[in-house]
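In: pasting the structure only:
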């Protein structure tokens, strides 16, 4: 298992570790519920250094990232971030990523940890433009600060040449506590927050210094360090999909409720023909819905979903919701049952089969919060 530069820090905090995407990562420090609620009420500090970063720069970079992205990269200006999907010609999702525009013909792609090698190969295989493609994941440490208090915690520490913090889905290069940092107004929790990138090659101990500076301030404000367990419940409440669970190469953006990130007008991209045909046909094989369990049972990925005795799909993600004090999840179901239609209206009852027993649930809107 790979380890982040902050591994020893997490050990000193008595973190419980788990294997994720080839990495040995902290699952929790205190409890998943406590960490989750700390992010919702004050702030949480995350080590996300397992995420991948790929730079695309030089002549042809603009054309390459536009060709790879379902979203319209031409809309980006310097210092802005775009959520998008990489798709196959069939429309299947290779990965969901963030694209940072540093300058004309200079981008950083932030990719999921388990997909770094796959995504790098995908970008290189389609680089007919001759752009320079570099995997800088090993050189990049990523710390996230998320929660209602994140702004107040970061502001006095940050210096990056502007009077205010970057706008949502914006970023700036500067310093945090004297450490060169890229400060990004992004996150995976549904809360106000920041993702802080430190170049580990140029500043070997910068990430540890940054964590050691932030940690006492966060805990003094009532926040906590947060592991992957609470990160998962936070993103689920916020209605955010997880690659490898809620989507993969067998699903299209429309089938997982991410069609709004597919922009067809006046542009070409990989998968356009298949996705345009799917949109024009107007009939999907399946669609994602949100559900809330009506009892104490917790639905997990793979559990079958039924409606009036008929098998209609399966759970893709499920967990207890510490904020709502109930159990929630996503399910991929037959498209005729998609939420909000007469066949599957909100609050319509379904059943989830868990260990051979049926447990009642109801269809609800996404996001849950």
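Out: Done, it's in. In this text the structure is predicted, and so the values were computed from the model without any measurement. Numbering: from 1, shown residues only.
In: check contacts around the residue nearest the centre of the chain.
Out: Note on the chain: the residue nearest the mean C-alpha position is residue 188, at 5.0 Å, using C-alpha atoms, centre = their mean. Listed by C-beta atoms under 8 Å, 6 or more residues apart in numbering, the contact set of residue 188 reads 144, 231, 234, 235, 238, 240. Every residue, glycine included, has its C-beta placed from N, CA and C.
In: quick one: the second one and residue 187 touch, right?
Out: Meaning residue 231. No: here residue 231 lies out of contact with residue 187, judged by C-beta atoms under 8 Å, at a distance of 9.9 Å.
In: I'd like to know how far the nearest residue to residue 321 once chain neighbours are set aside sits from residue 248.
Out: Residue nearest to residue 321 in three dimensions, not counting chain neighbours: residue 328, with 4.8 Å by C-beta to C-beta, 6 or more residues apart in numbering. Going from residue 328 to residue 248 by C-beta to C-beta, to the nearest Å gives 21 Å.
In: same question, residue 141
Out: On the measure of C-beta to C-beta, residue 141 and residue 248 end up 28 Å apart.
In: just want to know which of the two has more residues nearby.
Out: Using other C-beta atoms under 10 Å as the criterion, residue 141 and residue 248 rank with residue 141 on top: 26 against 14.
In: show me what that one is bridged to.
Out: residue 198 (DSSP bridges).
In: name all residues that make contact with it.
Out: Taking C-beta under 8 Å, 6+ apart as the test, what residue 141 contacts is 4, 5, 6, 49, 197, 198, 199, 200, 206, 207.
In: grab the nearest non-local neighbour of the first one.
Out: Nearest in space to residue 4, with sequence neighbours left out and distances taken as C-beta to C-beta, 6+ apart, is residue 49 at 3.7 Å.
In: the one you found: neighbour count?
Out: So residue 49, with other C-beta under 10 Å, has 25 neighbours.
In: ramachandran angles for it?
Out: Backbone torsions for residue 49, taken as degrees, to the nearest 10, come to phi -70, psi -10.
In: who are the contact partners of it?
Out: Each residue near residue 49 by C-beta under 8 Å, 6+ apart is listed here: 4, 5, 6, 140, 141, 142, 143, 207.
In: and it, how far is that from residue 2?
Out: 9 Å.
In: please apply the same query to residue 40.
Out: As for residue 40, its distance to residue 2 is 30 Å (criterion: C-beta to C-beta).
In: neighbour-wise, which of the two wins?
Out: Each of residue 40 and residue 2 has its neighbours counted (other C-beta under 10 Å); residue 40 has more, 20 against 15.
In: does the more buried one touch residue 238 like I think?
Out: No: assessed by C-beta under 8 Å, residue 40 is found out of contact with residue 238, at 10.3 Å.
In: how is this protein carved up into domains?
Out: 7-49+138-236, 285-369 (automatic domain parsing).
In: pick the most buried one from those domains.
Out: Ranked by average neighbour count under the criterion mean count of other C-beta atoms under 10 Å, those are headed by domain 7-49+138-236 at a mean of 19.
In: go through this protein and flag its longest helix.
Out: Across the chain, the longest stretch assigned as helix under DSSP state H is helix 206-220.
In: can you name the next helix or strand after that helix?
Out: Once the chain leaves helix 206-220, the next helix or strand it forms, by DSSP states H and E, is strand 224-225.
In: tell me what that following strand is packed against?
Out: helix 32-41, strand 44-47, helix 206-220 (3 or more C-beta pairs under 8 Å, 6 or more residues apart in numbering; DSSP states H and E).
In: considering the contacts of residue 141, which member attains the minimum pLDDT?
Out: On pLDDT alone, residue 200 ranks lowest of those, at 88.
In: show me what contacts that residue?
Out: Counting by C-beta under 8 Å, 6+ apart, residue 200 makes contact with 5, 138, 139, 140, 141, 206, 207.
In: spatially nearest residue to the fourth one, not counting backbone neighbours?
Out: Yep, that's residue 140 we're talking about. Closest to residue 140 by C-beta to C-beta, 6+ apart is residue 53, at 4.6 Å.
In: isn't the one you found right next to residue 138, touching?
Out: No: with contact defined as C-beta under 8 Å, residue 53 does not count as touching residue 138 (9.2 Å).
In: if anything else comes up later, I'll come back, but that's it for now.
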